[in-house]
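Engineer: structural data only, the sequence is not supplied:
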């Protein structure tokens, strides 16, 4: 019974939240890794693209709600998502037109594009705050729980409750669907293959008649889509706050690099690795330990390795360890 | 890596690949292309009096290369003679200050390399000539990217020409041996159904046996009516299969004759073929 309780506590406090968080990071890291592979720089504006896109989704959600529309048990934000993605993609393409394309024409060194993306980041940062404000916003509606902790306790008779939030289930299901769609697109369609070809060997892609501007535009659209989906899922699961999204950039980059930059599979693996480590290191293990260990060995303290304030430090510690021993990342991306 | 004087291309020694992905393209982007004009008559490919280079210094001086339909033309010469440069000039990868390039009755001097591909030129670069992470079949598909018709028949032809590629069609091109990779590269170029196939040192870094086999395949390609223009280090073997040979020295034509005659020419033998 104690062992079962320990497993339920572990699922409730570590496995389920980390899986949902990992899926959100993976979607963000996929966008970063695509931009890195095809446009050849790390896009620092990705976090703020997430924030801006999620801001749009929230505005559309409010608009739909004001018209009395809802999505039944699912959050209205899911209805607003396509609109938010379209608007964000338009903004990003406009940014590419007005900013990045100039540097592409100049054949600018990628490090210059990194700095340019930082400029874009600050602009988007400000625009997001203008559009939606700096406050914390909760915009999740529809069903709250798939499994309620009290119902679970009553049904199983265990001391520990298991809560499975609807937002967590939605995150996992959406992430699986989006990733499957993305891999199908990259591996099976003509446009997707041309993107991989361009990432592999730019000159040869040009010789084969692949249009770089088209590849770049499609990449921005996909990256925006991934960013808005990731941002919306994160916002539904926790809450929306522009500053938090800016900070999310750090674990997202860590995920992409740990997995191997330029490797979509790596971005997913990296996302889950970072998420599980962050949650694992900052979780107070006392409860689980008390169930599993004999009474004499039970910890006095919380058995928490790091305060949650330090969760970003965990991403970076993993990043450094992986880069020391496997510079190409776990999935053989580009050597760093 | 900045010696172009363009401050945007100066990376100030950045080697951090966690933020930048080196290995971008070096070619000019399309959209800077001029127009092709009709120029009937003359040989199938006539690149005449080409003068130019990458920067202010000319590498080619009045260099002329012509190829007839179904012919194999080989460019040989010492290191630094401008062999590859001459081929790149034919393909439009450097700016010519003088001369012109005509293909199949059209003056294409002002066209970008991409537009020349559409006009029927196939180019196999010496290095980086495959998409390493993509499968052999995907490499061939990318070769046919410009084609909107059904290219499966062409793919079968390529597989007939290089049977080993059919066995390895699902394998990533980057995992193949040097000789097989060259076959993928040639196959990719053939997928556009070019009228002229240009090969920049196709046998560089492959074993002598593989080299002989590649040359046999190149003869087979020429028999289907495709003209071949090829730069080769292995001058003797290449001239043996050549209908026409060009010996370049310092960016200018030194000897031009049939491959057989060049091999028989005592001066060419002594100076360029090692006796």
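Structural biologist: Good, I have the coordinates. Source: prediction; values computed, not measured.

Engineer: only C-alpha atoms from now on, for both contacts and neighbour counts.
Structural biologist: OK.

Engineer: strands of the stretch 151-300 of chain A, residue ranges please.
Structural biologist: A:164-165 (DSSP state E, counting those that start in this stretch).

Engineer: near chain B, which residues of it?
Structural biologist: Within reach of chain B by C-alpha under 8 Å from any C-alpha of the partner chain, the stretch 151-300 of chain A has these residues: A:193-194, A:196-197, A:200-212, A:257, A:261.

Engineer: what residues does stretch A:166-175 touch?
Structural biologist: Stretch A:166-175 is contacted by residues A:16-17, A:19-20, A:23-24, A:27, A:143-146, A:233, A:236-237 when judged by C-alpha atoms under 8 Å, 6 or more residues apart in numbering or on different chains.

Engineer: which one of those is nearest residue A:121?
Structural biologist: Checking those against residue A:121 with C-alpha to C-alpha, the nearest one is residue A:27 at 18.8 Å.

Engineer: ok, the closest one touching residue A:269?
Structural biologist: No - applying C-alpha atoms under 8 Å as the test, residue A:27 and residue A:269 come out as separate, 10.8 Å apart.

Engineer: so for these two, which sits in the more crowded spot?
Structural biologist: residue A:27 (29 against 23; other C-alpha atoms under 10 Å in any protein chain shown).

Engineer: and the more buried one, what are its phi and psi?
Structural biologist: phi -60, psi -40 (degrees, to the nearest 10).

Engineer: would you tell me which helix is longest in chain B?
Structural biologist: For chain B, the longest helix by residue count, based on DSSP state H, is helix B:208-223.

Engineer: I would like the residues contacting that helix, please.
Structural biologist: Contact with helix B:208-223 is made by B:70-72, B:161-162, B:179, B:183, B:202-203, B:228, B:238, B:241, as judged by C-alpha under 8 Å, 6+ apart.

Engineer: number of nearby residues for residue A:209?
Structural biologist: For residue A:209, the count of nearby residues is 23 (other C-alpha under 10 Å).

Engineer: quick check: it touching residue B:147?
Structural biologist: No - here residue A:209 does not reach residue B:147: they are 9.5 Å apart, not a contact under C-alpha under 8 Å.

Engineer: hang on, the earlier thing: list the ones among the contacts of helix B:208-223 that fall in helices.
Structural biologist: Taking DSSP H, the ones among the contacts of helix B:208-223 that sit in helices are B:161, B:179, B:183, B:238, B:241.

Engineer: quick check, nearest of the residues you listed to residue A:106?
Structural biologist: residue B:183 (34.4 Å).

Engineer: count of neighbours near the closest residue in space to that closest one that isn't next to it in sequence?
Structural biologist: Nearest residue to residue B:183, sequence neighbours excluded (C-alpha to C-alpha, 6 or more residues apart in numbering or on different chains): residue B:162, at 6.8 Å. Using other C-alpha under 10 Å, residue B:162 is surrounded by 18 other residues.

Engineer: and residue B:162, what pLDDT?
Structural biologist: Residue B:162 carries a pLDDT value of 94.

Engineer: could you do residue A:73 as well?
Structural biologist: Turning to residue A:73, the model gives it a pLDDT of 88.

Engineer: can you classify the closest residue to it other than its chain neighbours by secondary structure?
Structural biologist: In space, and not counting its chain neighbours, residue A:73 is closest to residue A:142: 4.4 Å by C-alpha to C-alpha, 6+ apart. For residue A:142, the secondary structure call by DSSP: H, G, I helix; E, B strand; the rest coil comes out as coil.

Engineer: hmm, residue A:142 is touching residue A:78, no?
Structural biologist: No - Residue A:142 is beyond contact range of residue A:78, at 10.6 Å (criterion: C-alpha under 8 Å).

Engineer: so where's the stretch 151-275 of chain B uncertain?
Structural biologist: Residues of the stretch 151-275 of chain B meeting the criterion pLDDT under 70: B:275.

Engineer: do a quick rundown of the strands in it.
Structural biologist: Under DSSP E, counting those that start in this stretch, the stretch 151-275 of chain B gives strands at B:196-200, B:227-231, B:244-249, B:252-257.

Engineer: need those in CSV with mean neighbour count and distance to chain A, can you?
Structural biologist: Below are these laid out as CSV (neighbours: other C-alpha atoms under 10 Å in any protein chain shown; distance: least, C-alpha to the nearest C-alpha, whole Å):
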stretch, mean neighbour count, distance to chain A
strand B:196-200, 25, 12
strand B:227-231, 25, 17
strand B:244-249, 24, 26
strand B:252-257, 17, 27
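
Engineer: same list, those strands, but as CSV with distance to residue A:107 please.
Structural biologist: As requested, the strands of the stretch 151-275 of chain B are exported to CSV (distance: least, C-alpha to C-alpha, whole Å):
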stretch, distance to residue A:107
strand B:196-200, 25
strand B:227-231, 29
strand B:244-249, 33
strand B:252-257, 32
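
Engineer: residues contacting residue 49?
Structural biologist: I'll assume chain A. Remark: with contacts taken as C-alpha under 8 Å, 6+ apart, residue A:49 is in contact with A:88, A:121, A:124, A:224, A:227-228.

Engineer: my question was about chain B, not that one.
Structural biologist: By C-alpha under 8 Å, 6+ apart, residue B:49 lies in contact with B:61-64, B:98-100.

Engineer: find the nearest non-adjacent residue to it, please.
Structural biologist: Take residue B:49 and drop its neighbours on the chain: the residue closest to it by C-alpha to C-alpha, 6+ apart is residue B:62, 3.8 Å away.

Engineer: please apply the same query to residue A:187.
Structural biologist: In this structure, residue A:187 finds its nearest non-sequential neighbour in residue A:193, 6.0 Å apart by C-alpha to C-alpha, 6+ apart.

Engineer: so which bits of stretch A:286-299 are buried?
Structural biologist: Using 16 or more other C-alpha atoms under 10 Å in any protein chain shown as the test for burial, stretch A:286-299 gives A:286-292, A:298.

Engineer: okay, and which of these map to helices?
Structural biologist: Secondary structure from DSSP H places A:286-292 of the buried residues of stretch A:286-299 in helices.

Engineer: residue A:305 against residue A:282, yeah?
Structural biologist: Yes - between residue A:305 and residue A:282 there is a contact at 6.0 Å, judged by C-alpha under 8 Å.

Engineer: which of the two has more neighbours?
Structural biologist: residue A:282 (20 against 13).

Engineer: quick check: longest helix of chain A.
Structural biologist: helix A:212-237.

Engineer: which helices and strands does it pack with?
Structural biologist: With contacts taken as 3 or more C-alpha pairs under 8 Å, 6 or more residues apart in numbering or on different chains; DSSP states H and E, helix A:212-237 sits against helix A:16-39, helix A:46-66, helix A:77-95, helix A:166-188, helix A:190-200.
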